[in-house]
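Novice: Could you look at this predicted model? Sequence included:
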Amino acid sequence: MISENPRVRFAPSPTGYLHVGGLRTALYNYLFAKHNNGSFILRIEDTDRNRFVEGAVENLISTLKWIGLDFDEGQGKGGDCGPYMQSERLDIYKKYADELVNKNRAYYCFCSAERLTALREEQQKNKQQGMYDKHCLHLSKEEVQENLAKGLPYVIRLNVEKGKQIVINDVIRGVVEFHSDIIDDQVLLKSDGYPTYHLANVIDDHMMKITHVIRGEEWLSSTPKHILLYEYFGWEKPVFAHLPLLLNPDKSKLSKRQGDVAVEDYKAKGYLKEALLNFVALLGWTAGDDQEFYYLDELVSKFDLNRVNKSGAVFNVEKLNWLNGEHLRKKSQIQLLELLKDHLLTTVYKDNSYSDKYLIEVIESMKERVLFIHEIAEKAPYFFETPSGYDEALLKKRWKPETPSQLNKLLERFEKLENSDKEGFEIALKQTVEEFNTGVGTLIHPVRLAVSGIGNGPGLYDILHIIGKDETIKRIKTALNKISI
């Protein structure tokens, strides 16, 4: 059941970079909201102060902005349900934790770390599930007040009602059942006054009027605790949807040990934001057809939460690379020109001045041969500098004793060219091989080596036309001076 104007949230912890799994969660929330005329909210869950990383909040916001997922309200933007940073909401959590204590749905726990460790070790020895034994639930009101008056450190724990079946109707996983006997009396408020994820999450989702909680599968086991909290507070529960895990090709959980997992890593490597979004959208979702190439607005129009898969999604870098190439080729000449110019500023060619016309010709000759904009300069450096050497294997194969005399004759024709377009170079080369009564390949390969230093790339006449007559002649003469067979 989708409400008229659903409200969803992306609630990352500021513990570093944005994981691609986090990006997928943000994207699915965004797509769901926009498809259903709803609101997409950014909330920062920074209650675990031990894991807080300085600058991570700003990085998260800038990464979302770069990728194009604009939130409607949230940290850095404001809205009617703020503050959107959990560390600024501590009084709210304390108030509601106290309410649960007054209802006997939660209780003060004064157990020392030593007692909890001993309890855990005893349970391990007896091969029992590690759970709190409700020891402090049985303290009298007088004992509790006395401990509080003494200033003893405490936490507030959830009082889980035993013997209860907890049912979750998950959009993706269907009906999932948990028995309350295996649910621990979770700490809700820590001794430092900060809430745990479970308390803050439920309170914030309620107060921010979240209608659908779309999050990773790893939170499914926590959901029964959240269901209990909604029931104990007497609040309406949101709709839950738990997304499948992201997997490495070997089906292990996606982790940094096997490759890049941060969005920033992919941005730094030159992946286009359109390609990354397109790829991440397909990690667990399909529109039910064979389409694989999408722009963000198309994803919004087609997205359906009911079409998200249960099974884990394999992170296939080869597919991401292919999509990057497809999105690259769909860009206009002007867009590609700006991308190439920006990239060249990061290379040894940054001080060279190339005309826009020249760079566009280079792009057009190379765009079908690359997956990334940076590969243009990497695969075809000869468009930006004279080759400093020549492929040795090709030299042995293609540079014959008669090659210098043939090239010198070709140079005579090149120097007389008035029209140095592709056709002019081609005619001159064919006339030369006819004169020597040999095949076209006997000259094409040595010329390519002379002007580029390598044996592959765009068509030879494209290269000659782009670098121009004078540069072509200069490079062939340089090769004749340098190469001796």
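Specialist: Noted; the coordinates are in hand. Everything quoted here is computed from the prediction, not taken from an experiment.
Novice: Burial check on residue 91, number of neighbours?
Specialist: Neighbourhood size, residue 91 [other Cβ atoms under 10 Å]: 8. Backbone N, C-alpha and C define where each C-beta goes, glycine included.
Novice: And it, how far from residue 333?
Specialist: For residue 91, the distance to residue 333 equals 56 Å [Cβ to Cβ, to the nearest Å].
Novice: Look at residue 304 and report its pLDDT.
Specialist: Here, the pLDDT recorded for residue 304 equals 97.
Novice: nope, residue 49 is what I was after
Specialist: pLDDT, residue 49: 82.
Novice: what mean pLDDT does stretch 341-357 have?
Specialist: Averaged across stretch 341-357, pLDDT comes to 94.
Novice: How far away from the center of its chain is stretch 422-442?
Specialist: Relative to its chain's centre, stretch 422-442 lies at 51 Å (Cα atoms, centre = their mean, to the nearest Å).
Novice: Can you give me the buried ones in that stretch?
Specialist: 422, 424, 425, 426, 428, 429, 432, 433, 442 (16 or more other Cβ atoms under 10 Å).
Novice: swap in stretch 140-155?
Specialist: Within stretch 140-155, judged by 16+ other Cβ under 10 Å, the buried ones are 144, 147, 154, 155.
Novice: Name the residue most distant from the centre of the protein?
Specialist: residue 435 (58.5 Å; Cα atoms, centre = their mean).
Novice: show me the contacts for it.
Specialist: residue 409 (Cβ atoms under 8 Å, 6 or more residues apart in numbering).
Novice: Check the burial of residue 88 by counting its neighbours.
Specialist: Going by other Cβ under 10 Å, the residues that sit close to residue 88 add up to 13.
Novice: shouldn't residue 186 be in contact with residue 197?
Specialist: No. Using Cβ atoms under 8 Å, residue 186 is not in contact with residue 197; the gap is 9.5 Å.
Novice: Do a quick rundown of the helices in the stretch 51-200 of the chain.
Specialist: 56-67, 90-102, 113-125, 141-150, 197-207 (DSSP state H, counting those that start in this stretch).
Novice: Now render those as CSV, adding mean pLDDT and distance to residue 229.
Specialist: Shown next, in CSV, are the helices of the stretch 51-200 of the chain (pLDDT from 0 to 100; distance: least, Cβ to Cβ, whole Å):
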stretch, mean pLDDT, distance to residue 229
helix 56-67, 96, 26
helix 90-102, 98, 8
helix 113-125, 97, 22
helix 141-150, 97, 21
helix 197-207, 97, 4
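Novice: Mind putting these into a markdown table with distance to residue 254?
Specialist: Formatted as a markdown table, the helices of the stretch 51-200 of the chain follow (distance: least, Cβ to Cβ, whole Å):
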| stretch | distance to residue 254 |
| --- | --- |
| helix 56-67 | 18 |
| helix 90-102 | 32 |
| helix 113-125 | 30 |
| helix 141-150 | 45 |
| helix 197-207 | 21 |
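Novice: Most tightly packed of those?
Specialist: helix 197-207 (a mean of 22; mean count of other Cβ atoms under 10 Å).
Novice: Check which residues of stretch 74-92 are buried.
Specialist: 74-76, 79, 81-82, 84-87, 89-90, 92.
Novice: actually stretch 32-49, not the one I wrote
Specialist: 32-36, 38-47.
Novice: can you check stretch 104-114 too?
Specialist: Those would be 105, 106, 107, 108, 109, 110, 111, for stretch 104-114 by 16+ other Cβ under 10 Å.
Novice: Out of those, name the ones that lie in strands.
Specialist: Judged by DSSP state E, those include 106, 107, 108, 109 as members of strands.
Novice: Widest-spaced pair of the buried residues of stretch 32-49?
Specialist: With Cβ to Cβ as the measure, no two of the buried residues of stretch 32-49 lie farther apart than 35 and 47, at 31.0 Å.
Novice: Show me the domain layout of this protein.
Specialist: The chain is divided into the following domains under automatic domain parsing: 7-77+246-314, 89-243, 332-383, 392-482.
Novice: Residue 444: neighbour count?
Specialist: Around residue 444 there are 17 other residues, counting by other Cβ under 10 Å.
Novice: OK, contacts around it?
Specialist: By Cβ under 8 Å, 6+ apart, the residues touching residue 444 are 429, 460.
Novice: May I see the buried residues of the helix or strand it falls within?
Specialist: Residue 444 belongs to helix 441-452 when assigned by DSSP states H and E. For helix 441-452, the neighbour count (16+ other Cβ under 10 Å) marks 442, 443, 444, 445, 446, 447, 448, 449, 450, 451, 452 as buried.
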